[in-house]
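Asker: What shape does this take:
(one chain, ligands or ions: 1)
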Amino acid sequence: MPHSLVTGGAGFIGSHLCEALLACGDRVTAFDDLSTGRSENLADSVQDDRFRFVRGTVTDSDALAPLVAEADRVFHLASAVGVRLIIDQPVRTIESIVEGTQRVLDLAAQSGKPTLITSSSEVYGKGSQAPFNENDDVVLGPTSKRRWAYACGKMLDEFLALAHHRESGLPVVCVRLFNTVGPRQTGRYGMVLPRFIEQARDGKPITVFGDGEQSRCFCHVADAVGALVKLIDTPASFGRVVNIGSDEEVTITQLAERVRDLAGKSSSIEHVPYDQAYVEGFEDMRRRVPDLSLACELIGYQPTHTLDAIIRALIEAPSSSPPAA
Ligand code: UDP
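Answerer: A predicted model of the protein is given here:
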């Protein structure tokens, strides 16, 4: 029975990954400092005696080393999450992204364990030529705009992972996750869909930032974690960067309207300028659509959940998230 280590295992995506791995028959160790992860996310996994939770931070090599040593493969998901956290806590964000991944890769490289590093579609920065392909050039904003630190940190993670692959042959794959949604995601760190659903449920105005013409594609977390499990088991993916997400594009205003209509509520849609929503001079990404051809080629990946089905299921689910900040 293979043993998987999941850093960030108590987070939204990490906890779904733990459940998927248990369902595949793995033993699973989830490692998380519970800074943005929540032990409640693991309520189902802890019932399984093949599951273990260890509290700790990925920058602590002493805590991490024995866990990497005993694992057969490593999924590194621990990271600061969400644009709001990057704006509010830039030092912690940069350090956790760069230092955490460095430690995980160093330890994995000592024993050559198959490793998956989660990166982000933020890496595509200001690119407007959608869909985004893994080999596209990247344009980021200036260092004075805190948002771009996240993209830059994740790019450094990718460079480092690919460097380990080249120098020691570490079997590592980097996954650029696009907007991922589903049960247990909280609006607390600014993510748009849980915020809109909560606002509609409470009959409050739905807050669309900027002109609402910016677009995103929302992927169900079950599709995303299924892809992570397949990628780490696919040797052809090692040394590669792979997009995972949905390619059903929607503007944020359309998203607000769909949430309102599917919730059967009459919430108003309120446009909030970026300066008020985030900080003075905030820069957003206008479009974010993945080219999924590499994922399809490697693992036959196709997202299976439509946006309407996702929204409906989330509206019907009991509200488990703490109130949006
Ligand atoms: N957004 C919004 N209202 C909110 C939260 C977010 O209009 O209450 C917008 C945000 O400005 C961005 C999009 O929704 O254009 C997606 O935001 P999120 O933070 O979920 O993800 P990301 O910006 O990383 O794609």
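Asker: CA atoms for contacts and neighbours, from now on please.
Answerer: OK.
Asker: lowest confidence element among the helices and strands of this protein?
Answerer: helix 83-88 (a mean of 84; mean pLDDT, DSSP states H and E).
Asker: In the next helix-or-strand element following it, which residues are buried?
Answerer: Moving toward the C-terminus from helix 83-88, the next helix or strand (DSSP states H and E) is helix 90-111. Neighbour counts over helix 90-111 (16 or more other CA atoms under 10 Å) mark 90, 93-94, 96-109 as buried.
Asker: What is helix 90-111 packed up against?
Answerer: If you count contacts as 3 or more CA pairs under 8 Å, 6 or more residues apart in numbering; DSSP states H and E, helix 90-111 packs onto helix 61-70, strand 73-76, strand 115-120, helix 147-168.
Asker: same thing but at 10 Å, please
Answerer: If you count contacts as 3 or more CA pairs under 10 Å, 6 or more residues apart in numbering; DSSP states H and E, helix 90-111 packs onto helix 61-70, strand 73-76, helix 83-88, strand 115-120, helix 147-168, strand 172-177.
Asker: Can you flag the weakest of the ones you listed by average pLDDT?
Answerer: Mean pLDDT values for these show the minimum at helix 83-88, a mean of 84.
Asker: I'd like to check what contacts that helix. Which residues are they?
Answerer: 36, 80, 90, 92-94, 122, 145-150, 188-191, 277-279, 282, 284, 325 (CA atoms under 10 Å, 6 or more residues apart in numbering).
Asker: If we use 7 Å, what do you get?
Answerer: Here helix 83-88 makes contact (CA atoms under 7 Å, 6 or more residues apart in numbering) with 93, 146-147, 150, 189-190.
Asker: Likewise for stretch 105-115?
Answerer: Residues from elsewhere that reach stretch 105-115, judged by CA under 7 Å, 6+ apart: 65, 68, 72-75, 161, 170-173, 232.
Asker: repeat that with 6 Å
Answerer: The contact list for stretch 105-115 (CA atoms under 6 Å, 6 or more residues apart in numbering) reads 73-75, 170-172.
Asker: got the residues of the protein near the ligand?
Answerer: For the chain, the residues in contact with the ligand (CA under 6 Å from any ligand atom) are 82-83, 179, 190-192, 195, 207-209, 214, 252, 284.
Asker: The ligand versus the residue lying closest to residue 67 once chain neighbours are set aside, what's the distance?
Answerer: Distance criterion CA to CA, 6 or more residues apart in numbering; nearest residue to residue 67, sequence neighbours excluded, is residue 5 at 7.1 Å. Residue 5 sits 26 Å away from the ligand, going by CA to the nearest ligand atom, to the nearest Å.
Asker: tell me the contacts of residue 5?
Answerer: Shown in contact with residue 5 (CA under 6 Å, 6+ apart): 28-29, 71, 74.
Asker: helix/strand/coil for it?
Answerer: For residue 5, the secondary structure call by DSSP: H, G, I helix; E, B strand; the rest coil comes out as strand.
Asker: Quick check, pLDDT for it.
Answerer: Confidence at residue 5, expressed as pLDDT, is 98.
Asker: most neighbours, which of the contacts of stretch 105-115?
Answerer: Neighbour tally across these (other CA atoms under 10 Å): the maximum, 32 neighbours, falls on residue 172.
Asker: Give the bridge partners for the residue nearest to residue 67, please.
Answerer: Residue 5 has these beta-bridge partners by DSSP bridges: residue 29, residue 74.
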